[in-house]
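Colleague: Provided below are the primary sequence and the corresponding predicted coordinates.
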Amino acid sequence: MGPKPRQTIPRPVAASSSAAVPAVGVGGGTVRVRRWVYKRASLVLLLLLQGGCLVLGFVLLTEPCLNAQYKNSLWDKRNYLSLLARDDVGKERFLAAGVKSLFGTLVIQAWFTARLNAYTQGATHHHQQLVEGLKGDKEKVRVEFQVPSFIRQLEAVSASLLLSLPLTALAIYALLLVGGASLTSHWKESATLATHLALLLLPPIHIAAPNPGFVQKLLAANPSPSFLWPLFYPPLFSIATTLLATATLALDSDSPWQTYPFPLIVAGIAGIAVGNVYTIALILFT
C-alpha cells in the first residue's frame with residue numbers, strides 16, 4: 001500500500017490593523033476587537049486640551065471687551081453668558097471682542113497643529129510598519145523613524161501660516177461675499193470671520209495638504225486610518241455649526257450679541273469642541 005499524500009492546511013491571512021475587525025464568535029459568544037488607534041491616550045489628551053483651551057482662551061480674551069466692570073478673576077468668568085444677554089453692551093464691543101479673540105486662536109492652533117503633525121507622522125510610520133509586517137517584509141519593518149522636534153514642527157507651522165493662511169482667508173472671504181456678505185459696509189467683520197475660520201482649518205491644511213493620499217481620503221469623507229479622524233471630524237463640525245449660526249443673523253432680535261460676526265465665531269469654536277468630543281468617542285468606543 002503506497003504512502004498517503006501529505007496534506008497541508010492553508011494559513012489564514014491576517015487582517016489589516018488599520019480597519020475595524022468584526023466580532024468573532026467563540027463558544028457561542030462574541031469577542032469584539034477594537035479598532036487600531038496609535039497612542040490612544042495621547043490623542044485623547046491632545047483633543048481635550050485643544051477644545052478646552054480654545055473655549056477658555058476665547059472667554060478670557062473677549063470678556064474685557066464686553067464687561068465694563070471687568071475683574072481679573074477666574075471666578076467671575078462664570079457670569080460670562082449673562083454678559084451676552086445684556087442690552088447695555090454696545091455692538092462695537094462685540095466686534096472688538098471678535099478681533100481680540102484672533103490672537104488666542106492663533107496661538108492655540110499653532111501649538112495644536114505642531115503637536116498633531118508630530119502625532120500624525122509617528123502614526124503614519126507605525127501604520128506602514130504594521131502593513132509591511134503583515135506582508136512579511138522584515139527589512140522595511142526595521143526602518144527607524146525619528147519625529148522632528150517640537151521646535152522644528154513650530155517652524156514648519158509658522159511657514160504654513162505665512163503662506164497658506166492669507167490664501168485660505170481670501171478664499172473664505174470670497175465665499176462670504178458669494179453668500180451675501182457686503183463688500184463695502186461690513187468688510188472688517190467679514191475679514192475677521194474669514195481669518196478666524198482659516199485658523200480653525202489650519203491643522204488639515206498644514207498636515208494633509210502635502211500628502212495627496214490624505215487629501216483624497218478627506219475629500220471622499222473616508223478618514224481612514226484612524227489618525228485622520230482629527231483632521232476630518234472637528235473641521236466638519238466647525239463648518240456645520242458656523243452655517244447653522246447664520247440663522248441668528250437671519251432671526252435678528254436686535255440683541256447686541258447677534259452682532260456680525262460674533263455668533264459665527266462662537267459657533268466655529270464650539271464646532272471644534274463638539275467635533276473633538278465626537279472624535280474622542282470614536283477613539284474610546286470603536
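Modeller: Alright, I've got the coordinates. As the structure is a prediction and not an experimental result, all values here were calculated from the model.

Colleague: quick one, helices of the chain?
Modeller: Assigned helices in the chain, in chain order: 40-66, 80-84, 91-135, 138-141, 150-178, 187-200, 202-208, 212-219, 229-250, 262-285 (criterion: DSSP state H).

Colleague: Lowest average confidence across the ones you listed, which one?
Modeller: Set side by side, the helices of the chain differ in mean pLDDT, and helix 138-141 is lowest with a mean of 56.

Colleague: Read off the pLDDT value for residue 33.
Modeller: If you check residue 33, the pLDDT there is 66.

Colleague: any residues touching stretch 259-266, and which ones?
Modeller: The contact list for stretch 259-266 (Cβ atoms under 8 Å, 6 or more residues apart in numbering) reads 58, 91, 94-95, 97-98, 101, 186, 189-190, 192-193, 196, 242, 245-246, 248-249, 257. For every residue, glycine as well, the C-beta is placed using N, CA and C.

Colleague: and these, which are buried?
Modeller: 58, 94-95, 97-98, 101, 186, 189-190, 192-193, 196, 242, 245-246, 248, 257 (16 or more other Cβ atoms under 10 Å).

Colleague: Distance to residue 73 added to the helices of the chain, as a markdown table?
Modeller: Below are the helices of the chain laid out as a markdown table (distance: least, Cβ to Cβ, whole Å):
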| stretch | distance to residue 73 |
| --- | --- |
| helix 40-66 | 10 |
| helix 80-84 | 12 |
| helix 91-135 | 18 |
| helix 138-141 | 55 |
| helix 150-178 | 32 |
| helix 187-200 | 27 |
| helix 202-208 | 32 |
| helix 212-219 | 42 |
| helix 229-250 | 29 |
| helix 262-285 | 22 |
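
Colleague: Out of those, which is closest to residue 72?
Modeller: Closest approach to residue 72 among the helices of the chain is made by helix 40-66 (8.9 Å; Cβ to Cβ).
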